[in-house]
Structure formats: structure tokens, C-alpha cells
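Peer 1: what's the 3D shape of this:
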Amino acid sequence: MTSRFALALGALCLCGSVASAQITERPISLTPAKAVEKPSATASTDSKGPTDTIAKAKTLTPAMPAADSVRSFPEDIERKKLLESTKIVYINSDDTPRPSADSVRNLINNFYVNQFRHFMDPNAPYLMFVSKDTNLAMGIGGRIAVRGVFDWKDVVPANGFAPALIPIPGDPTRQRAIKAIPSGTCLFFSLLGKDPRLGNYTAYIEANFNGYNHEDFMLKKAYVSFRDWTVGYATSTFSDPAAIAPTVDGAGPNGHVSKTNVLVRYMHSFKKNWTVAGSVEFPSSHIQDQDGYTKKCSDWVPDLAAFMQYQWDGGLSHLRLSGLMRTISYRDLIAERNLNEVGFGVMLSSVVKVCRPLSLYGEVSYGRGHGSYLNDLSIVSVDLVADPGNPGRLYQPRAMGLTLGAKYNFTDNIFASVTLSEQQYYARNPRPAADYRYGLYGEACVYWQITPRVLVGAEYIAGKRVNNDHTHGNSNRVDATFQLSF
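Peer 2: Residues are numbered from 1 along each chain as shown. The predicted structure is shown next:
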């Protein structure tokens, strides 16, 4: 009885309730009932009444088609099961009618309505505190992820598999390696709500164990979204995580555009199938200084990013065109003056539901001075590099990334995916012999969703790095993962 009262008191303090509370824990029922204009008297009784029945939803968010939709994809079914697994703690005074489970579902479903959601992003919390007017939902959730890894042939000296890190020449003492890591384990806090001035809003904080030795706690995301605005530390607008097929390894394909920045973003959807976005993002450039000739200046001009997208299949398929513009500064120590270099990036990305079990993914990017936005090139720091034969001057090299993938669902909870990726780096001649020229990445994995919140998977990865002098290294990896979301 004491713990029950403490839970109620804690929930009231967090939600700002001023009335005495009675807490009822129950799953969200998603079984459609006959359509009605208002909840029946039985469904609106006090908290000691029977389980809610739901009127069929008249309108749902694009990312969550109705349960009786003609085209019900495996992703829709997985989402439905996740919502059904969520436990609800209602917080309000005794005389307030309980909301329909349909309105609760729509509120919690906002957790998944995200143009930048990645396959590895955590699910909504298992336990959610919800006000009876369904204007507020709050939860603390997380994921326990354990990954076992076995590498052979030129072992990559990192937990994430990146062709840029393949040693050339290989180290004879590191031709095989086995390890287990908690990489991907995370905790997060989520607040979902509705307000007359802010509209639908989300506050989200996530941190994971990817710090020193992949055991320290590090902030991954921290942002607030309201109406069409997002402010905080979030995925860059010049990125499309949904256009990448699932992988087990956390680093993902080497040619993928992946970046998190502190930003202010405006994103608006119109005419049902169109979305546009633009953002001002605080930069973090990486350049190669020439000792005694050049020195990096502080970043002082924000990066500008934007995209235009057409989506269909309830948001499960889309085609996106993205752009990036950035200014990077350095000092010419010979001429004793500061110089600015303007870089850019363009990207075309897509995910297409070809048929119910098959999805295709693709992403191609090209630009100058945008290496810190690319998986492989962010490791080798090539936003600005030395201009050959021109001491004191740096330039922005060209780069192109290509990633293709496919996912096939054998059943609603068992699927396999394959990914091929390439990162090309075009430096001016004469090129340093030992510098990165291109990297190749190939991956195949299979996943089994044992329950809505328990996931296991296994994967094989092959990678290759080639330098300017055509020396190369190859590496192989087999890894497996167990994940529990709560």
C-alpha cells in the first residue's frame, strides 16, 4: 500500500496534478468496436469499471494506418503490437471520465511520428503516465542491448565497423578478435502533449552507453518539437535515417550521411503527401592543419540544411531531395590572414514498399567540404585538407557516398536485410600515398522479433579500404545482438 501511494504521489508531482489521484494500470486495447460519436457510458465509468472498448478511429496520423486498412504492412502490425504492449497509468481525480483507448493510442503514436526515425531508435516506454484528458503522456524508457562480435583478417580497432579504420598494413597481432559490448544500451525520457498554443509537442532526452570503452553514459539527443518547429540536439536535416536498411552493427554503412547537431528546424507537411524542411545548425567542422602553415579558426557561420520530400503508403515510402551549405574558416599563417571556404552537399534518398514483404532503400550524396556528415570520412577529418604545392592554403575535397539496401519479411516478425555501400574521396593530385581513397561495405543480417519488446539478430559484414597508392586492407565481422526494450 505504501509503494502504491508513493507511485501515485510521484506521478502527480511530475505531471503537475493538484488533485488527489487514483492510479489504474492497464494495456491499450486496440480491438475495434462499432463506430460511435461519443464513448458509451460503460466505457466512461470510473477507474473501477471494465476494460475500455474503442470506437473505430476516424482519422489517424499518416505513420499509423487504421488497423483494418486494406494494405497492412509488417511495419504497421509491429507498431500496433507495440502500442498494445504499452501499459497506461491514468492520473486525475476520481470523478473524471476515463478517455477512450483510441485517443490514448493516437497520443502515444506521436512518439513514432518522426521523419528522422532510425531502425535502432528505441520504442515508446512500456509504462506511460497519461492524463485522463489525454493532453499529456510521460514515460521513462530504455533498451538493454548486448552485442557479441567476432572479427578476422585486419581487425577493425573499434566497436563499430568502419572501413576507414581497417589498418594498412594489417597488424599480425590483431588478425582475430572476439568481444561483447553493451553498445546501444540507452535510457530516455519522453513527454508527449497537446496544447492550444503549442499544438502537438514532444520533449525528448536520450543518452546511451557509447562513451569511454563503450560503457560511459553520453548524451545522444535532447530536443523539443512543437507544431512545425524543433529546437535542440537532434538528427541533422541533411540526413535520412529511414532510407537505410536495418543492420546489427551500430555504425551502419560507410557511405551513409549521419550527423547530429544542435539546431533550429522548421518542417511543414502539406497536400497530404508533401513535406518541406529547413534548419540552421551549429557546426563542428574537422580539418587537416599544416603545421606551421595553417591553423583552424573557430566555427562562426551556421550550417544551412533543407529537404523536400514526397511520401506515400502512410509515410512508409518516400523520396527525398536534401541540400547542405556550410562555411569553414582557417588561417593562412604565411599570409597572416583568415580565409573562408564555402562547401555544399546534395543528397537523394528513398525507401519504397515494393510489395507487402519487400522494401528497397537507397541514398546517394555528393558535395565538397561535407566529410564530417559522412560515416567514413568523419573519421579521417577531411572537411578541409592541404592544397598540394600551395603552402598555407587549404581546400574542400569532393566526396560521394552511395548506399543501397533491401529488406524482406518472411513473416510479420522475422525479416532479413542486405546493404551495399561505397564511399569515394576525390583529393587533388598529387595525393598522399597512404591517404584514404575509397571504402567498400557489404552486410547481410536477419532479425527475429520474439515479442514486441524482445529482439534478436545476427549479421555478417565485409569491408575494404583502399589507399591512394592502391594498397588495401580487408576485414570481416560476424556479430549478434539481444535487445530488450522497456
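Peer 1: Tell me which helix or strand the most centrally placed residue in the chain sits in.
Peer 2: For the chain, the residue nearest the mean C-alpha position is His118 (3.3 Å; C-alpha atoms, centre = their mean). If you go by DSSP states H and E, His118 is not part of any helix or strand.
Peer 1: Number the residues from 49 up from this point.
Peer 2: Got it, the first residue is 49 from now on, which makes the last one we talked about His166.
Peer 1: OK, contacts around it?
Peer 2: 283, 289-290, 292 (C-beta atoms under 8 Å, 6 or more residues apart in numbering). Glycine gets a C-beta too; all of them are placed from N, C-alpha and C.
Peer 1: Off-centre distance for stretch 341-354?
Peer 2: Relative to the mean C-alpha coordinate of its chain, stretch 341-354 is positioned 25 Å out (C-alpha atoms, centre = their mean, to the nearest Å).
Peer 1: what comes up buried for it?
Peer 2: Under the neighbour-count criterion of 16 or more other C-beta atoms under 10 Å, stretch 341-354 has 341-342, 344, 350-354 buried.
Peer 1: quick one: contacts of it?
Peer 2: With contact meaning C-beta under 8 Å, 6+ apart, stretch 341-354 is reached by 284-286, 309, 324-333, 335, 337, 370-382, 386, 388, 434, 439-442.
Peer 1: Buried only: go through those residues for me.
Peer 2: Counted by 16+ other C-beta under 10 Å, those give 284-286, 309, 325-327, 329, 331, 333, 335, 337, 370-381, 434, 440-442 as buried.
Peer 1: now, which of these lie within strands?
Peer 2: 309, 325-327, 329, 370-380, 434, 442 (DSSP state E).
Peer 1: Just the mean pLDDT for stretch 334-341, thanks.
Peer 2: Mean pLDDT, stretch 334-341: 84.
Peer 1: quick one on the thing from earlier: state the distance from the residue nearest to the centre of the chain to Lys512.
Peer 2: 25 Å (C-beta to C-beta, to the nearest Å).
Peer 1: Equivalent analysis for Asp297, please.
Peer 2: For Asp297 relative to Lys512 (C-beta to C-beta), the value is 16 Å.
Peer 1: okay, these two: which has more neighbours?
Peer 2: Asp297 (23 against 18; other C-beta atoms under 10 Å).
Peer 1: Do a quick rundown of the strands in the stretch 349-498 of the chain.
Peer 2: 351-360, 365-380, 385-401, 406-416, 433-434, 442-443, 446-457, 462-474, 484-499 (DSSP state E, counting those that start in this stretch).
Peer 1: and Thr233, what does it touch?
Peer 2: Applying C-beta under 8 Å, 6+ apart, the residues near Thr233 are 190-194, 256-257.
Peer 1: With pLDDT and secondary structure as new columns, can those be given to me in CSV?
Peer 2: Formatted as CSV, those follow (pLDDT from 0 to 100; DSSP: H, G, I helix; E, B strand; the rest coil):
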residue, pLDDT, secondary structure
Gly190, 92, strand
Arg191, 93, strand
Ile192, 93, strand
Ala193, 92, strand
Val194, 92, strand
Asn256, 88, strand
Phe257, 78, coil
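Peer 1: Among the residues you listed, the buried ones, what's the PyMOL command?
Peer 2: A single PyMOL command selects the buried members of these (16+ other C-beta under 10 Å):
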select buried, resi 190+191+193+256+257
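Peer 1: Need the contacts of Thr233 in CSV (columns: distance to Thr182).
Peer 2: Converted to CSV, the contacts of Thr233 look like this (distance: C-beta to C-beta, whole Å):
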residue, distance to Thr182
Gly190, 24
Arg191, 26
Ile192, 30
Ala193, 31
Val194, 36
Asn256, 30
Phe257, 34
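Peer 1: The helix or strand hosting Asn524 vs strand 484-499, what angle?
Peer 2: Asn524 belongs to strand 520-533 when assigned by DSSP H and E. Orientation of strand 520-533 against strand 484-499 (axes from the mean of the first three to the mean of the last three C-alpha atoms, to 10 degrees) gives an angle of 20 degrees.
Peer 1: and strand 520-533, which residues are buried?
Peer 2: 520-525, 527-529, 531-533.
Peer 1: and stretch 314-328, C-alpha only, in PDB?
Peer 2: Extracted in PDB, the C-alpha atoms of stretch 314-328 (Å, rounded to 0.1, in the frame of the first residue of the first chain):
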ATOM      1  CA  TYR A 314      11.100  24.200 -39.400                       C
ATOM      2  CA  MET A 315       9.300  21.300 -41.100                       C
ATOM      3  CA  HIS A 316       5.900  21.500 -42.600                       C
ATOM      4  CA  SER A 317       3.600  18.900 -44.400                       C
ATOM      5  CA  PHE A 318       1.100  20.000 -47.000                       C
ATOM      6  CA  LYS A 319      -1.300  18.400 -49.600                       C
ATOM      7  CA  LYS A 320      -1.200  15.100 -47.700                       C
ATOM      8  CA  ASN A 321       1.900  13.700 -49.400                       C
ATOM      9  CA  TRP A 322       4.500  16.600 -49.300                       C
ATOM     10  CA  THR A 323       6.900  17.700 -46.600                       C
ATOM     11  CA  VAL A 324       9.500  20.500 -46.700                       C
ATOM     12  CA  ALA A 325      12.100  21.400 -44.000                       C
ATOM     13  CA  GLY A 326      14.900  23.900 -43.400                       C
ATOM     14  CA  SER A 327      17.200  24.300 -40.500                       C
ATOM     15  CA  VAL A 328      20.000  26.400 -39.000                       C
END
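Peer 1: Thank you, goodbye.
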